[in-house]
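**Student:** Dropping the sequence and predicted coords here.
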Amino acid sequence: MNAASIEAPTNKRQNLIPYIAARYLNDFDHPIRPKVVHMYQTRERGILWWTVVDGYLVSSLKPVVRSWCARRVRTAFEAVLKERGYNTEGKKLIRDSQGHVTGAEKALKGTMEIRMVEPVMKAGYEKIVEQARLLVDHLENKQVWEGKRNQQQAQTRQTRGPEQKARGKRPSNMHWRKT
């Protein structure tokens, strides 16, 4: 990623609770904890959970500037998702012949933290959108690659010989030497 606006994202294929929410979940006396627990218990799984986080390079800025920068990154990322035909949860929108949304199918999933770096403050909005496009490209490519890998693994499991299926291991004519 270009360091002009945002860092490479932290992306995990499964849905994970972000560290911000974990702060409240770990503090049993915090008044907001029940709300956060309920939110993550009822939140849909198998979709894209994403958040914009102020990175360590932006922590020196004032809170109002950090929130302004985060809002710019959020709106740019949402605009790119919409441009690619996704809603804000990463579901691919199904449209009819007139362009009206008739449904959504699951496409992007996992957890992604977009971390800002200081140049995001001075970068133009188009530059931030360009960076968001790179993030969505990365996310799509990663998930397509993982999907192909999972298909290959499934095909490999289906084409194993009877000896492998029975033992669940490599064929007996293969021997490994310790070196």
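**Tutor:** Perfect, I can see it now. Residues are numbered from 1 along each chain as shown.
**Student:** Return the backbone torsion pair for the closest residue to residue 30 other than its chain neighbours.
**Tutor:** Once flanking residues are discounted, residue 30 sits nearest to residue 24: 5.2 Å by C-beta to C-beta, 6 or more residues apart in numbering. From N, CA and C alone the C-beta is placed, and that goes for glycine too. The phi/psi pair for residue 24 (degrees, to the nearest 10) reads phi -80, psi -30.
**Student:** Spatially, what comes nearest to residue 104 if we skip its sequence neighbours?
**Tutor:** Residue 104's closest residue in space is residue 91 (C-beta to C-beta, 6+ apart), at 3.7 Å.
**Student:** give me the low-pLDDT residue ranges for the protein?
**Tutor:** Scanning the chain for pLDDT under 70 picks out 1-13, 57, 145-152, 154-155, 157-179.
**Student:** Just the buried positions in stretch 61-80, please.
**Tutor:** Within stretch 61-80, the residues scored as buried using 16 or more other C-beta atoms under 10 Å are 61, 66, 69-70, 72-74, 76-77, 80.
**Student:** any chance of these in CSV, with distance to residue 105 too?
**Tutor:** As requested, the buried residues of stretch 61-80 are exported to CSV (distance: C-beta to C-beta, whole Å):
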residue, distance to residue 105
61, 39
66, 35
69, 33
70, 29
72, 29
73, 26
74, 24
76, 24
77, 20
80, 19
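**Student:** In those residues, find the pair that's most separated.
**Tutor:** 61 and 80 (24.1 Å; C-beta to C-beta).
**Student:** just checking, which of the buried residues of stretch 61-80 belong to helices?
**Tutor:** 66, 69-70, 72-74, 76-77, 80 (DSSP state H).
**Student:** pretty sure residue 85 contacts residue 93?
**Tutor:** Yes - using C-beta atoms under 8 Å, residue 85 is in contact with residue 93, at 5.5 Å.
**Student:** follow-up on the earlier one: didn't the residue nearest to residue 104 look like it was pressed against residue 106?
**Tutor:** Yes - counting by C-beta under 8 Å, residue 91 does reach residue 106; the two are 5.8 Å apart.
**Student:** any shared contact partners between these two?
**Tutor:** residue 47 (C-beta atoms under 8 Å, 6 or more residues apart in numbering).
**Student:** higher neighbour count, these two?
**Tutor:** residue 91 (21 against 13; other C-beta atoms under 10 Å).
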